[in-house]
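K.L.:
Structure for the following, please:
(one chain, ligands or ions: 1)
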Amino acid sequence: MSDLILSDVHGNLEALDAVLADAEGRYDRTLCLGDLVGYGADPNAVVDWARSHVAAIVRGNHDKACVGLDDLEAYNAAARAAAMWTRAALTPQNLEYLQKLPRGPLPIQCRQGAFDLVHGSPLDEDEYLITPGDVAPIRGYLSTSLSFFGHTHVQGGFMAAHGRLKRIAPSQALQLEPDYFYLVNPGSVGQPRDGDPRAAYALYFPDQRLVEYRRVAYDVEKAAGKIRAAGLPDSLAARLYEGA
Ligand code: ZN
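P.N.:
Below is the predicted model:
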């Protein structure tokens, strides 16, 4: 048994397709940490895929914003424009699917031990866990010693060993130690912001207690071209080339 862990696809079908091709044959189940839509030009294709392929998913802040469950005041101009464009573009079925996504933390049962899925933090989809200092106050709200989170679009995460919280460097494989605490961020499929423009994701192998961080190049030109052709803000196309 192994899990494909995806977060922050953001309507980027080219990045999603590249990830699925790269991971092909290596997973049994797909889990998603939210933000299927917002920013990218293919919200319907991405949600259509999620509806038939994702085993468990939590909602992200953009999923909320794009379907009217969140007011757009807190969003910057580009994000707000993308949310309004996305809301108008979504089919009624896809709008309804996004409106009904559960909020995290969502516990996932697994023979080797349960783990949690969250988007931002266990308290708020729109809370960023960027530094170990951000993690300390929310640890108590997670019921398991392994959680997967997204929202920052930065691959890596945090671990606590012997009471000390530190960042995880996203090397290819993370061996999970018993009694340690882990918050694992697979990075963003559709809009990486950690300086590497390649699509990011992770594979989880519970039997080996192993997380593998992955990066895969995709057709940025095509995804950016669709954003521009849709009349979405140019900054949303430009940032894909930088991974920033
Ligand atoms: Zn996001």
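K.L.:
ok, which residues in the chain are in contact with the ion?
P.N.:
Residues of the chain found near the ion (Cβ under 5 Å from the ion) are 8, 35. C-beta: built from backbone N, CA, C; applies to glycine.
K.L.:
for the helix ranked longest in the chain, packing partners?
P.N.:
Scanning the chain for the helix with the most residues, using DSSP state H, yields helix 77-89. With contacts taken as 3 or more Cβ pairs under 8 Å, 6 or more residues apart in numbering; DSSP states H and E, helix 77-89 sits against helix 43-53, helix 61-66, helix 234-242.
K.L.:
ok, and what's touching that helix?
P.N.:
11, 37-39, 43-44, 62, 65-68, 72, 75, 95, 230-233, 235-236 (Cβ atoms under 8 Å, 6 or more residues apart in numbering).
K.L.:
Separate out the buried members of those residues.
P.N.:
11, 37-39, 43-44, 62, 65-67, 75, 95, 230, 232-233, 236 (16 or more other Cβ atoms under 10 Å).
K.L.:
Show me which of these is closest to Gln191.
P.N.:
Tyr39 (5.6 Å; Cβ to Cβ).
K.L.:
Please name the residues that touch the closest residue to the closest one other than its chain neighbours.
P.N.:
Closest residue to Tyr39 apart from its sequence neighbours, by Cβ to Cβ, 6 or more residues apart in numbering: His10 at 4.3 Å. By Cβ under 8 Å, 6+ apart, His10 lies in contact with 35-40, 62, 188-191.
K.L.:
Distance check, Pro132 against Leu72.
P.N.:
31 Å (Cβ to Cβ, to the nearest Å).
K.L.:
now the helices: where do they sit in the protein?
P.N.:
13-23, 43-53, 61-66, 77-89, 92-99, 132-135, 220-229, 234-242.
K.L.:
sorry, back to before: the ion: which of the buried ones among the contacts of helix 77-89 is nearest?
P.N.:
His62 (5.7 Å; Cβ to the ion).
K.L.:
What lies in contact with stretch 222-231?
P.N.:
12-15, 39-42, 85, 190, 234, 236-238, 240-241.
K.L.:
again, 7 Å this time
P.N.:
Stretch 222-231 has contacts (Cβ atoms under 7 Å, 6 or more residues apart in numbering) with 12, 14-15, 40-42, 85, 234, 236-237, 240-241.
K.L.:
Looking at those residues, spot the one nearest Glu125.
P.N.:
Gly40 (18.3 Å).
K.L.:
List the contacts of the closest one.
P.N.:
Contacts of Gly40 (Cβ under 7 Å, 6+ apart): 10-12, 190, 223, 227.
K.L.:
May I see the residues you listed organised as JSON lines, with pLDDT added?
P.N.:
Below are these laid out as JSON lines (pLDDT from 0 to 100):
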{"residue": "His10", "pLDDT": "98"}
{"residue": "Gly11", "pLDDT": "98"}
{"residue": "Asn12", "pLDDT": "98"}
{"residue": "Gly190", "pLDDT": "98"}
{"residue": "Ala223", "pLDDT": "98"}
{"residue": "Ile227", "pLDDT": "98"}
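K.L.:
where does the residue sitting furthest away from the middle of the chain land on pLDDT?
P.N.:
Distance to the chain centre peaks in the chain at His162, reaching 28.3 Å (criterion: Cα atoms, centre = their mean). Looking at His162, its pLDDT is 82.
K.L.:
Same check on Leu20?
P.N.:
Reported pLDDT for Leu20: 98.
K.L.:
Quickly note the distance from it to His151.
P.N.:
22 Å.
K.L.:
Which of those two has more residues huddled nearby?
P.N.:
His151 (26 against 18; other Cβ atoms under 10 Å).
K.L.:
sorry, back to before: and the contacts of stretch 222-231, which two are furthest apart?
P.N.:
The widest separation within the contacts of stretch 222-231 (Cβ to Cβ) is 20.7 Å, between Trp85 and Tyr241.
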